[in-house]
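Novice: turn this into a structure:
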Amino acid sequence: MTSHNKIKFVAGSVIAAAISVIGQNAFAHTALEVPSIAEGVRVSNNIVIGHGCGEINVIGTSVVFPDGVDSTITVDGQPHTGALTDFLQNWGNLNQKVYSKAVFTFQGEKTDTNGNVVGIWAGGGDSLPHDMQGYIPFRTSAAIIEPTSCAASVKFHINIVDICEITPIDGFSDETITRWTLAGLGTPYDSSEDAAASLTITRSETNPLPDSCGGTGQMVEVKPSAAQINRDMPIIFNGSQVWPQ
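Specialist: Okay, the predicted model is just below:
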C-alpha cells in the first residue's frame, strides 16, 4: 500500500470510528437528565428516553422510585439494617410528575397507601420515534440529609421500562420493551445486567459532617425490593391495569 493510500485508509478509519461513537451516543440509555442534585434544593428534572426497541417506536414508559420502606440499603457497599431515615429525613414524597403532553398524551403518578409518590408513568397519543429522545418531566423537592449521619451522598436506583408494545408479561422481549432496571431481583422486569437510572442526593456544605465521622463521608445506596417492583411497575389507568395486560 502506498503512503498516499495509507493516509486515505487511516483518515477513513478515523471517520468511521467517529461515526460509530456518534451512533452509540445517539442510542443512549434511558436515564435522568440531572442524575445528581444537592440537598435542600428543589430540582426540575426529566426521564430521558434514549431510544426505542430496535426500530420500533416507544408508546409509553413506567418508572419506579425506591420507596425506602422495604428497600435494600447499603453503606459503602455494606448492608444497612436500619431505616432510610438514618440518612435522609424526608424521602417519602419528594418526587412528583410534572404534567406535559410534549411526548405522550396520558400520564400519572403511582402512590403507596399513604399517598406518597413511588413512581410515574406516561403513554398514549403519538409514539416516540425509535431514533429520537423523549423527555418525561418530574420534580424532586428539597431533600434533607440527616445532620447526625455520616452520609456524604444518598444514591437511589430508579427502575424504568420503556414500552413499545402492550403485552402480557410472557410477551416481554427486546421488541416489546426495553428494561432500564436492576438485575437479580427476581422480577419479570429485571434487566440481564444492572441498567437502572439513578438519582444521587449530595450533602450540602451548610450541613457539615459531624466530627465523629472523622472527615470521611459515607456513600449510601438505596435499591427497590422485588415486592415493590412487582407492585409498582404496572401501569394503572382509570382503575384498570393497562400494562402488562
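
Novice: against which helices or strands is the helix or strand harbouring residue 121 packed?
Specialist: Taking DSSP states H and E as the definition, one finds residue 121 inside strand 117-128. Using 3 or more CB pairs under 8 Å, 6 or more residues apart in numbering; DSSP states H and E as the contact test, the elements touching strand 117-128 are strand 58-64, strand 95-97, strand 106-111, strand 134-140, helix 226-232. In short, each C-beta sits where N, CA and C put it, glycine included.

Novice: so for residue 49, which of these sits nearest?
Specialist: strand 134-140 (4.2 Å; CB to CB).

Novice: show me what that closest one is packed against.
Specialist: So strand 134-140, by 3+ CB pairs under 8 Å, 6+ apart, packs with strand 43-49, strand 58-64, strand 95-97, strand 117-128.

Novice: correct me if wrong: residue 96 contacts residue 109.
Specialist: Yes. Between residue 96 and residue 109 there is a contact under CB atoms under 8 Å: 6.8 Å.

Novice: need the residues touching each of these two.
Specialist: residue 117 (CB atoms under 8 Å, 6 or more residues apart in numbering).

Novice: who has more neighbours, the two?
Specialist: More crowded of residue 96 and residue 109, by other CB atoms under 10 Å: residue 109, with 17 against 13.

Novice: tell me who's in contact with that one.
Specialist: Neighbour list for residue 109: 96, 97, 117, 119, 120 [criterion: CB under 8 Å, 6+ apart].

Novice: that one pairs with what?
Specialist: Bridge pairing for residue 109 (DSSP bridges) gives the partners residue 120.

Novice: spatially central residue for this structure, please.
Specialist: Residue closest to the average C-alpha location in the chain (CA atoms, centre = their mean): residue 197, at 3.0 Å.

Novice: do you know the pLDDT at that residue?
Specialist: With respect to pLDDT, residue 197 scores 98.

Novice: next one: residue 28
Specialist: The model's pLDDT for residue 28 equals 79.

Novice: any idea how far residue 182 is from it?
Specialist: Distance of residue 28 to residue 182, given as CB to CB, to the nearest Å: 19 Å.

Novice: so between those two, which is more surrounded?
Specialist: residue 182 (22 against 12).

Novice: measure that one to residue 148 for me?
Specialist: To residue 148, residue 182 is 30 Å away according to CB to CB.

Novice: residues of the helix or strand where residue 220 lies that come out buried?
Specialist: Remark: residue 220 resides in strand 218-223, with elements defined by DSSP H and E. Within strand 218-223, the residues scored as buried using 16 or more other CB atoms under 10 Å are 218, 220, 221, 222, 223.

Novice: repeat that for stretch 78-92.
Specialist: For stretch 78-92, a neighbour-count test (16+ other CB under 10 Å) marks 80, 84, 86, 87, 88, 91, 92 as buried.

Novice: among the residues you listed, which are in helices?
Specialist: Among the buried residues of stretch 78-92, no member is found in helices (DSSP state H).

Novice: related to what we said a few turns ago, please tell me how far the strand holding residue 121 is from the chain's geometric centre.
Specialist: Centroid displacement of strand 117-128 relative to its chain, using CA atoms, centre = their mean, to the nearest Å, is 14 Å.

Novice: got it, and stretch 29-42?
Specialist: Mean-position distance between stretch 29-42 and its chain equals 10 Å (CA atoms, centre = their mean).
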